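Q: pasting the structure only:
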């Protein structure tokens with residue numbers, strides 16, 4: 001991503017954060033942990049991680065683990081990162097318009113890089129939350145093994 005576009009986007013961080021918080025507050029909370037009041041304290045940390053990731057090469061960003069499938073749908077970070085992505089894409093488009101001498105083909109490359117940077121951070125955070133989820137579905141084989149072990153007592 002061109003330095004000028006990156007700096008323009010980063011300079012809009014206060015407005016992006018406010019817009020993100022507003023969007024997050026309009027979403028229906030899937031659980032008490034998805035309450036915006038429980039999530040907004042992480043926004044600055046998350047922005048820091050995503051802006052750091054945007055400085056990485058595309059090759060490095062591709063090393064991220066794939067985002068785990070959330071089987072219960074209650075992970076509050078799903079909506080958290082979806083709304084962040086929406087806000088950052090809008091911010092990127094506005095930054096690109098402001099830096100008008102950009103060739104059009106670079107716009108798509110910048111967008112792809114931004115999405116990779118968000119996914120780099122999101123996949124790790126969502127995965128960490130899913131790993132401790134109390135609602136995740138136990139695979140059938142583990143379920144049968146548990147019952148046979150319990151009935152053997």
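A: Okay, I see it. It should be emphasised that the depicted structure is a prediction, and the values quoted were computed from it without experimental measurement. Residues are numbered from 1 along each chain as shown.
Q: May I ask which helix or strand of the chain has the lowest mean pLDDT?
A: Sorted by mean pLDDT, DSSP states H and E, the helices and strands of the chain end with helix 140-151, the least confident at a mean of 45.
Q: For residue 98, which non-adjacent residue is spatially closest?
A: Of all residues not flanking residue 98 in the chain, residue 8 sits nearest, at 5.5 Å (CB to CB, 6 or more residues apart in numbering). In this view, the C-beta of every residue, glycine as well, is placed from N, C-alpha and C.
Q: now the helices for this protein?
A: Under the criterion DSSP state H, the chain contains helices at 3-11, 13-26, 36-39, 43-54, 58-61, 76-98, 104-131, 140-151.
Q: Of the ones you listed, which is nearest residue 68?
A: Nearest of the helices of the chain to residue 68, taken as CB to CB: helix 104-131 at 4.8 Å.
Q: Which strands or helices does the closest one pack on?
A: helix 43-54, helix 58-61, helix 76-98 (3 or more CB pairs under 8 Å, 6 or more residues apart in numbering; DSSP states H and E).
Q: Take those helices and lay them out in TSV including distance to residue 4, mean neighbour count and mean pLDDT.
A: Below are these laid out as TSV (distance: least, CB to CB, whole Å; neighbours: other CB atoms under 10 Å; pLDDT from 0 to 100):
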stretch	distance to residue 4	mean neighbour count	mean pLDDT
helix 43-54	14	17	95
helix 58-61	19	12	91
helix 76-98	9	19	92
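Q: Compare those and give me the one nearest residue 125.
A: Proximity of the helices and strands packed on helix 104-131 to residue 125 was assessed by CB to CB; the nearest stretch is helix 76-98, lying at 5.5 Å.
Q: Pull the residues that contact the closest one.
A: With contacts defined as CB atoms under 8 Å, 6 or more residues apart in numbering, helix 76-98 is touched by 5, 8-9, 12, 15-16, 19-20, 23-24, 27, 29-31, 33-35, 38-39, 42, 46, 50, 70, 102, 107, 110-111, 114-115, 118, 121-122, 125-126, 129.
Q: Next: stretch 48-63.
A: Defining contact as CB under 8 Å, 6+ apart, one finds that stretch 48-63 is touched by 1, 6, 10, 13, 84, 88, 112-114, 116-121.
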